[in-house]
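J.: What follows is a protein structure lacking sequence information:
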């Protein structure tokens, strides 16, 4: 089986009513325990171990403890403020550890609307003409299924992970707008 057949992907997008840098900062610096609840068979993030002071430097790692007793390690691989952020997921334990060898999450923040970019706005994301800035947030996720597990992972991603991503991103956008 080729690697491509073992890679299962999902993506979602939403627009936040805040400037790109503000959206990027809030999305990254808010603890995952606030955004990732239990959803169907997917466990909640209940604790973050080894969290650096800021979560935005390439090479930083942290461990997420999950409500099913499992855990996963996240390692930042790319960090471009207000634009892009990516991390690899490894050392899955619990149920996910029996299904996947790892994963990758990529976040893209694209300024939109008439508000311009963060360079033209101040706190609250207002553009040069007093028009609220917006940011399109795209979250792309890959799971790398273990051999002979891809069909099951594909079903889990389709039935649970993809809808879960939409709910989580909606909560992140609400938080950005409430704090922005």
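T.: Cool, the structure landed. Quick caveat, the model's predicted, so the values are computed rather than measured. Numbering: from 1, shown residues only.
J.: which is the next helix or strand following the least confident helix or strand in the chain by mean pLDDT?
T.: Least confident helix or strand, the chain: helix 3-6 with a mean of 79, by mean pLDDT, DSSP states H and E. Reading on from helix 3-6 to the C-terminus, the next helix or strand found by DSSP states H and E is strand 7-16.
J.: Which other helices and strands does whichever helix or strand comes after that next one contact?
T.: Counting by DSSP H and E, the next helix or strand C-terminal to strand 7-16 is helix 20-29. Other helices and strands packing on helix 20-29, by 3 or more C-beta pairs under 8 Å, 6 or more residues apart in numbering; DSSP states H and E, are strand 84-90, strand 100-112, strand 134-145, helix 162-179. Glycine gets a C-beta too; all of them are placed from N, C-alpha and C.
J.: helices or strands up against the last one?
T.: Helices and strands in packing contact with helix 162-179 are listed as strand 7-16, helix 20-29, strand 134-145; criterion 3+ C-beta pairs under 8 Å, 6+ apart.
J.: tell me the mean pLDDT over the following helix or strand past the last one?
T.: Same thing as strand 134-145. Sequence-wise, the next helix or strand downstream of strand 134-145 (DSSP H and E) is helix 150-156. Average pLDDT, helix 150-156: 96.
J.: Please name every helix or strand in contact with helix 150-156.
T.: If you count contacts as 3+ C-beta pairs under 8 Å, 6+ apart, helix 150-156 packs onto strand 7-16, strand 134-145.
J.: okay, the ones you listed, which one's buried deepest?
T.: strand 134-145 (a mean of 21; mean count of other C-beta atoms under 10 Å).
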